[in-house]
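>>> I would like the atomic coordinates for the input below:
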Amino acid sequence: MANLETPIEDALRRKLIDALSPSKLIVHNDSHLHAHHAAMRGNTSRETHFRLEITSSKFEGLRPAARHRLVYGLLTEEMQKEGGIHALQLRTKTEEEEAKEREKEQGGKADVGT
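Numbers count the residues shown, from 1 in each chain. The predicted structure follows:
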């Protein structure tokens, strides 16, 4: 269900889900942290800065730069729109990379205190 206060976030979420079928998608809207910056003066949008964490099998065989280009391509409209996305931080992983990271974190916790 779309939120009238977050149309850009809703659009990017929908586009990423439709195109990438992610097993994990976390959207952080950090716009409020940057509203005071000089570049944001006069901008009425509350949706300018995002951090995305995306895990998708569609990233298999792609280097990080190619993954980022894929995501940027999906969000071209939102990035070019007046008052749209000003900054986009991406963390993209494959299913395998996500699993390895989880194993590493769990292994590290098991080693603590031994």
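>>> Quick one: distance of the top helix by length along the chain to the chain centre.
Counting by DSSP state H, the longest helix found in the chain is helix 95-111. Centroid displacement of helix 95-111 relative to its chain, using CA atoms, centre = their mean, to the nearest Å, is 21 Å.
>>> helices or strands up against that helix?
strand 49-55 (3 or more CB pairs under 8 Å, 6 or more residues apart in numbering; DSSP states H and E). C-betas here are computed from N, CA, C, even on glycine.
>>> quick one: strands adjacent to the strand it packs on?
Strand 49-55 pairs in its sheet with strand 24-29 (antiparallel), strand 87-93 (parallel), by DSSP bridges.
>>> could you redo these as CSV and give each row mean pLDDT, distance to A65 and mean neighbour count?
Formatted as CSV, the strands paired with strand 49-55 follow (pLDDT from 0 to 100; distance: least, CB to CB, whole Å; neighbours: other CB atoms under 10 Å):
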stretch, mean pLDDT, distance to A65, mean neighbour count
strand 24-29, 94, 20, 14
strand 87-93, 94, 10, 16
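>>> can you list these in JSON lines and add distance to H49?
Formatted as JSON lines, these follow (distance: least, CB to CB, whole Å):
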{"stretch": "strand 24-29", "distance to H49": "7"}
{"stretch": "strand 87-93", "distance to H49": "5"}
